Every structure is written in structure tokens, then in C-alpha cells.
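Undergrad: my questions concern the predicted model and sequence given below.
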Amino acid sequence: MLDDLPSEIILTVISYLHLPDIAVLLQLSSAWNALISENESPIYRAAATLHNFIPFSLKSLDDLHTVHSSRALYCVSSWKTLCIRMTQINRSWGAHAPSTITHHDYTGDMVHRFKIDEKAAFILCTKSDVGGLTVTDFWNVPGCKVLWELPPSHVRPYAHCEYGEGYLIFDRFGGCKEVWRVADYEAYVHSSPHLQQDLHYSVVGASLPDERQLRASVDAARVWGNVPSTPSDRPITAYRDSPIRGHFIAWALLRPPAQTRAFRFVYPILLVASFNSAFLFDVRTGALVQIINNIQPDTMVIPPGQGIAPQSEPLGELNYVELGKERVYVCGQNMLRIFSREHGTRLIDVPAVTMNYGRWRWAISRRRDMEFEIDVKHANVRDSLEAWVLHGPSIQRLHVHPHVSPCDKHVAVLLETSRLLLIRNLDRIVRNEMTLFDSTMEIQLGWASRSSRYLAFENGKVGVASRNGIFIIIPPPSFLSSLSSLEPSVPPTVLRVDLLNDPIGLKFISCLQMTATGLFVNFPTSRTGMMRRVGSRPSPMEATEREMYGMNEEYFWSAVDKVPMLRREFKSIIIKS
């Protein structure tokens, strides 16, 4: 074959092969091995594109930092090593390769909410009882622990924070939302070229920072160093090398026209919701760009054939809001309501009280769950699932969190009863091509009596924290396809982080985040022997101690190792003394 076809045609054919197929060709014969080795760069770049490791437009290895963090690019020096690294990460997510649990304690005690910027290599968090906001180094580099702070006198206790593309937003008493932007924004944009136009935006007069916010910005600059707020003639370097990495300056103060209850930021729009309205702000300018009114009324008419009964009650008290490219998601006490961003019209209501949500239902087997009641394993374990057979009416109550996929076509909804709903192909549901019932998969993650804590949905994976444990759910490939139908014989992959399967510790989780390379969760460890005596049950005194001290340290679970490991096992955990 190699002699019968031009090499250009053969290389074109190879560009459509997946990595396992290329590995087979390498071992097929010396001729195939030589051909692939001689054309290694274009072949593995095509494979990286085919596997969605890079966008098609990315041509140079020098630009990899614009789409991946340095953590994801560890030991990457060619297109081939990129494919190896990305494959290793994916295998680790599925528990087919080593993982490790590490901790980050420079955030201090009482962490409430946190956000991760993996490319810029910092973590920012707000505090619960005392207030304040802290930005810490992602890598725990000696001498570079806390990068920047705002004091408790400026950031209220239990402040919620949002972050994305260099913009930080948190709420203050009274309902206003403070917007801060990374100080060295010119260098940040240099590492993220798609933000280039942001250098030319300015804030409208109605959203300029007030004296209190400006004074806090000046005080922080005085404490943590000078911060350039305007472009300069200095050489531009990668943001990770900036001497003021993790520093922020006051950018805007958003003043919603009504008392607000929840907010969510997806660059560049901040969604803020009051009891009966949703407001969309562009944080780059502070301008209010859209208002969706009357989100509460109970006059929703559900299209026929959706598999659920018409609703006759309002949205209720707000729990959470979510923002997609085309839709706004408002989660209330009585239902999850989805609106069109283009027209502001209601599209779908998902009731909080119903007997069945979806046709496909799975649950962690009771035998497996009972094992976890009496034992804490030492490794990340794939949970066994069983088809869920209904033996009578089943009533579910209260949505806790909805999170939408980046493409805005699929949504994950976490119920209070540790039940996860995965709803796919929203476009087709809106067009009445599929019913909500036929598009929904239900997964019961342990005992329904143990409440849910937090939800994340990133990179095709779902992270869940509940009183039953910390879970990673990977939907079957057919779930994320807009063409294929769901098959009842193909369950999702469900994994539990067993080393953190501590019933009292799980109670205190208040935030969970996911990046391309790891799952992050705040976890109380005031009983310093908890990880050392993994597998033992806490004594009453030890349990009380943990309840008293709350968020003493923060533990993160990582899906990859910094150093390749030959055996599938967890590294030991280092506890702060």
C-alpha cells in the first residue's frame, strides 16, 4: 500500500485516525513506523485536533499556552508529547491512570467560595465568618504564597464571588456588585489573545467605582506593591511571569435596579437576578445590556408531549442562576425555569416536585453504598451502577444547582436529595423534536436522605459534592451527541473520591470547582490525624473538634500527577502542622 499511493494521500488518511489506531500502525511494520516517525509533527497535530486537544486554528506549539495551563502542558515539547499528556489526563479522570490528592493551605481558615485560574496559576477565595478575599499562588512556590488580599473590612463575610478572564466580581451588603480586573491586564491579554479588544473598553459613568472601592484599591496597591493600570512601553511578558500576578484593581461598581438574590458570571456577561427580574451586565463596560422581566408568573404553557404536567405555581424563592450562550437559567424553590437570551421568553420549566424526570435512571448499587458506610478506601474507585427500578411513587423536591455545558446544549441539575439530572439537546427540546422526559438521565448518588452540597460541569465531566461523597460523573459518549439516541444499556461512569469520604467533613463543603486537570473542594481537616488514620472511624471527641474548627485547611483532588507514576495509587497527603 505504501508503494501504491502517494505519501500525501496516506498522510491525509492517517490524519483521520485516532491515537490507538496510530499506535497500531507503528507496530504493523518497519515501513509504517518509518513513515509515521518521519512525519510525526503533522500526524500528531492532526490527532490533537481530532481529539479536541487544540482548536483547528492553533498551528504553533508556541501558542499552546493560550489554550492550556502550564500544569496541563507539563513535559510537553512536541505534538506527540501533547497527545501523550492529554491522554494521560483523560485516563486519570476515568481512574485508569494515577491520581493524587494534594492540599493548599495558604488560603487560610474558613474558606467559603473560591475560583481557580489555572492558566494564570492563582486561586482566589472569600471567607465565611470573618470576611475578606485572598489570592494565593497555585503552585505554593516558597516565598510566593499569598499574592494579594482585600481585608475583612471591605469584603463581607460569606461573600459570593465569580471570576473569569481576569475579571473578579463579588457582592457587598446592599446588593451592589464590585468588579475588579487583574492589574497587569496587558500581560494577561498577551497570554489570552482573544481578549485583545478588552484593552479598549472603558466603564460607563453609571458604573464607575465609588470612593470606598477606589480607596480599597489604592490601599491594596500600597500594601502589595505598585500596580500598572494603563498600558505602558515596558516589554510584555507572559502573565505568569508578571511581578504583580494575582493583583487586582477596582474596575466597576454595578448597581442593579432592584434588590438581587443570586448572580453568575460567564465572560463577558454578569447575570444578576432579583425576585421577579433578571439583569445582564457587560462587565467590560458596566453597562446593563438586557432585562428579563416577570420571571415569577405561573402562566407557563408547556408544549404537548413533554412528559410533564403543566405547572400552576410561580418560580418561588431563588436558589441559583446560570448563564449560557443562548439561554438564562433561573433555579427557584418550585422549578428550574429556562429563558431565551435573545427574546427573553420562557422556554422550559423543569418542576422541582415530580414523580419521574427522565426515561433513563441509574443509581449506585445499595451493596456498594453500604460498603462505604463502614469503610473508607485508600483509592479512587469506580462505583458500580444498577438500573433503577421504580417500586412506587417517587417525589423529589428542590433544585439545588443547575450548570450548563459551555456549548449551552446540555445542562446538569443537582437535586437536594443527591440526585443528578443530566438533560441533553436543549435545542431539540425547545424545537419540540425531543421531549424533556426522553432527553433526561437521572443518577441517584447514594442515600436520598443525605443532602447535596455543590455541583460543577466542565469539560464534559460533572463534579458533585454531597453528604454521600465527592463524585465525578462522566456521561456516556452518546449523551453529548446531538444525533445519537440514549441507550439504556450504556450507563455513565461514576467515580468517588474515597479518601475524602468522611461524613462529617463532607457536611462542611461549601464550594467545588473543576478545571481541565483537577477537581477542587474546600474540606475541613481540623482533626490533623484524619488523613493519617484513613480508614478509621472518628471518635466523638474528634468529630466535635472538626465541627468546632470548620474550614481549617483546604484539600484539593487533582486528576493528574506532576511526576509520572508507574503504579496506580495515591500519594501520601501532607498535613499542615
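TA: Good, I have the coordinates.

Undergrad: CA atoms for contacts and neighbours, from now on please.
TA: Noted.

Undergrad: contacts only, for Pro406.
TA: Pro406 is in contact with 324-325, 458, counting by Cα atoms under 8 Å, 6 or more residues apart in numbering.

Undergrad: could you rerun that using 10 Å?
TA: Pro406 is in contact with 266, 323-325, 457-460, counting by Cα atoms under 10 Å, 6 or more residues apart in numbering.

Undergrad: and what of Ile474?
TA: 93-94, 459-463, 491-495.

Undergrad: if I look at it, how far off is Ser405?
TA: Per Cα to Cα, to the nearest Å, Ile474 is found 13 Å from Ser405.

Undergrad: which neighbours do those two have in common?
TA: With Cα under 10 Å, 6+ apart as the test, Ile474 and Ser405 both reach 459-462.

Undergrad: return the member of those nearest to Gly108.
TA: The closest of the shared contacts of Ile474 and Ser405 to Gly108 turns out to be Val462 (Cα to Cα; 27.2 Å).

Undergrad: in the sheet, who's paired with the closest residue to that closest one other than its chain neighbours?
TA: Using Cα to Cα, 6 or more residues apart in numbering and skipping residues adjacent in sequence, the residue nearest Val462 is Ile473, 5.0 Å away. Beta-bridge partners for Ile473, by DSSP bridges, are Val462, Val494.

Undergrad: residues touching Ile473, list them.
TA: 93-94, 382-383, 420, 443, 445, 457, 460-464, 492-496.

Undergrad: same thing with Gln213?
TA: Gln213 touches 154, 178-180, 219, 249-253, counting by Cα under 10 Å, 6+ apart.

Undergrad: surely it is within a helix?
TA: Yes: assigned with DSSP: H, G, I helix; E, B strand; the rest coil, Gln213 falls within a helix.

Undergrad: ok so, going back, just the buried ones from the shared contacts of Ile474 and Ser405?
TA: Among these, the ones that count as buried by 16 or more other Cα atoms under 10 Å are 460-462.

Undergrad: out of the residues you listed, who's nearest Ala48?
TA: Gly460 (17.1 Å).

Undergrad: measure the closest one to Tyr163 for me?
TA: 20 Å.

Undergrad: ok, now Ala187?
TA: Taking Cα to Cα, one finds Ala187 at 18 Å from Tyr163.

Undergrad: just Pro297 next, same as before
TA: From Pro297 to Tyr163 the distance is 31 Å (Cα to Cα).

Undergrad: between those two, which one's more packed in?
TA: Neighbours were counted for Pro297 and for Tyr163 using other Cα atoms under 10 Å; Tyr163 has more, 21 against 13.

Undergrad: is it true that that one touches Phe122?
TA: No: Tyr163 lies out of contact with Phe122 (Cα atoms under 10 Å); the separation is 11.6 Å.

Undergrad: which neighbours do the two have in common?
TA: 115-116.

Undergrad: number of nearby residues for the closest residue in space to Leu25 that isn't next to it in sequence?
TA: Closest residue to Leu25 apart from its sequence neighbours, by Cα to Cα, 6+ apart: Trp32 at 6.1 Å. Neighbourhood size, Trp32 [other Cα under 10 Å]: 16.

Undergrad: report all helices and strands that the helix or strand where Trp32 lies contacts.
TA: Per DSSP states H and E, Trp32 falls inside helix 30-38. Identification of packing neighbours for helix 30-38 by 3 or more Cα pairs under 10 Å, 6 or more residues apart in numbering; DSSP states H and E yields helix 7-14, helix 19-28, helix 40-50.

Undergrad: and the shortest one with helix 30-38, angle?
TA: Inter-element angle recorded for helix 7-14 and helix 30-38: 80 degrees (by axes from the mean of the first three to the mean of the last three Cα atoms, to 10 degrees).

Undergrad: what about the residue nearest to Met86 when sequence neighbours are not counted, how many neighbours?
TA: Nearest residue to Met86, sequence neighbours excluded (Cα to Cα, 6+ apart): Phe53, at 6.9 Å. Phe53: 19 surrounding residues under other Cα under 10 Å.

Undergrad: winner for burial among the helices and strands packed on helix 30-38?
TA: helix 40-50 (a mean of 20; mean count of other Cα atoms under 10 Å).

Undergrad: residues contacting Val464?
TA: 414, 418-420, 445, 452-457, 470-473, 496, 512-513, 519.

Undergrad: and if you look at Lys80?
TA: Neighbours of Lys80 in contact, by Cα under 10 Å, 6+ apart: 19, 40-45, 47-48.

Undergrad: how far away is it from Gly175?
TA: Counting by Cα to Cα, the gap from Lys80 to Gly175 is 50 Å.

Undergrad: quick one: residues contacting the residue nearest the centre of the chain.
TA: The structure's the chain has its C-alpha centroid closest to Met514; by Cα atoms, centre = their mean the separation is 3.8 Å. Residues counted as contacts of Met514 (Cα under 10 Å, 6+ apart) are 115-116, 455-459, 461-463, 472, 520-521, 557-559.

Undergrad: point out where the stretch 201-350 of the chain drops to low pLDDT.
TA: Across the stretch 201-350 of the chain, the ranges flagged by pLDDT under 70 are 226-237, 298-312.

Undergrad: tell me where it has helices.
TA: For the stretch 201-350 of the chain, the helices defined by DSSP state H, counting those that start in this stretch cover 211-224.

Undergrad: now do the strands in the stretch 101-250 of the chain.
TA: Using DSSP state E, counting those that start in this stretch, the strands of the stretch 101-250 of the chain run over 111-117, 122-127, 133-137, 146-150, 161-164, 167-171, 177-182, 248-254.

Undergrad: would you turn the ones you listed into CSV with distance to Asn356?
TA: CSV is the format used below for these (distance: least, Cα to Cα, whole Å):
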stretch, distance to Asn356
strand 111-117, 33
strand 122-127, 38
strand 133-137, 42
strand 146-150, 46
strand 161-164, 33
strand 167-171, 37
strand 177-182, 38
strand 248-254, 41
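
Undergrad: right, so of those, which gets closest to His65?
TA: Using Cα to Cα, the nearest of those to His65 is strand 111-117, at 13.1 Å.

Undergrad: which among the contacts of Gln213 count as buried?
TA: Buried among those (16+ other Cα under 10 Å): 178-180, 249-253.

Undergrad: so what's the residue count around the closest residue to Ala97 other than its chain neighbours?
TA: Spatial nearest neighbour of Ala97, excluding adjacent residues (Cα to Cα, 6+ apart): Arg91 at 5.3 Å. Per other Cα under 10 Å, the neighbour tally for Arg91 reads 16.

Undergrad: the closest residue to Leu17 other than its chain neighbours and Asn459, how far apart?
TA: Once flanking residues are discounted, Leu17 sits nearest to Ala47: 7.1 Å by Cα to Cα, 6+ apart. Distance, Ala47 to Asn459, using Cα to Cα: 18 Å.

Undergrad: start and end of stretch 496-504, how far apart?
TA: 16 Å.

Undergrad: meant to ask about stretch 46-64, not that
TA: Span of stretch 46-64 from end to end, Cα to Cα: 15 Å.

Undergrad: Phe281 touches Ala252, doesn't it?
TA: No: judged on Cα under 10 Å, Phe281 makes no contact with Ala252 at a distance of 11.0 Å.

Undergrad: quick check: neighbours shared by the two?
TA: The contact lists of Phe281 and Ala252 share Ala287, where a contact means Cα under 10 Å, 6+ apart.

Undergrad: please export the C-alpha coordinates of stretch 320-328 as CSV.
TA: What follows is stretch 320-328 as a C-alpha-only set of coordinates in CSV (Å, rounded to 0.1, in the frame of the first residue of the first chain):
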residue,chain,number,x,y,z
TYR,A,320,-29.3,29.8,41.9
VAL,A,321,-28.9,31.3,38.4
GLU,A,322,-26.9,30.1,35.4
LEU,A,323,-25.9,31.6,32.1
GLY,A,324,-25.4,30.1,28.7
LYS,A,325,-24.6,31.4,25.3
GLU,A,326,-28.3,31.4,24.3
ARG,A,327,-30.2,30.9,27.5
VAL,A,328,-30.7,32.1,31.0
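
Undergrad: quick one: that stretch to chain centroid distance?
TA: 15 Å (Cα atoms, centre = their mean, to the nearest Å).

Undergrad: re earlier: and the helices and strands packed on helix 30-38: which comes nearest Leu199?
TA: The nearest among these, by Cα to Cα, is helix 40-50 at 30.0 Å.
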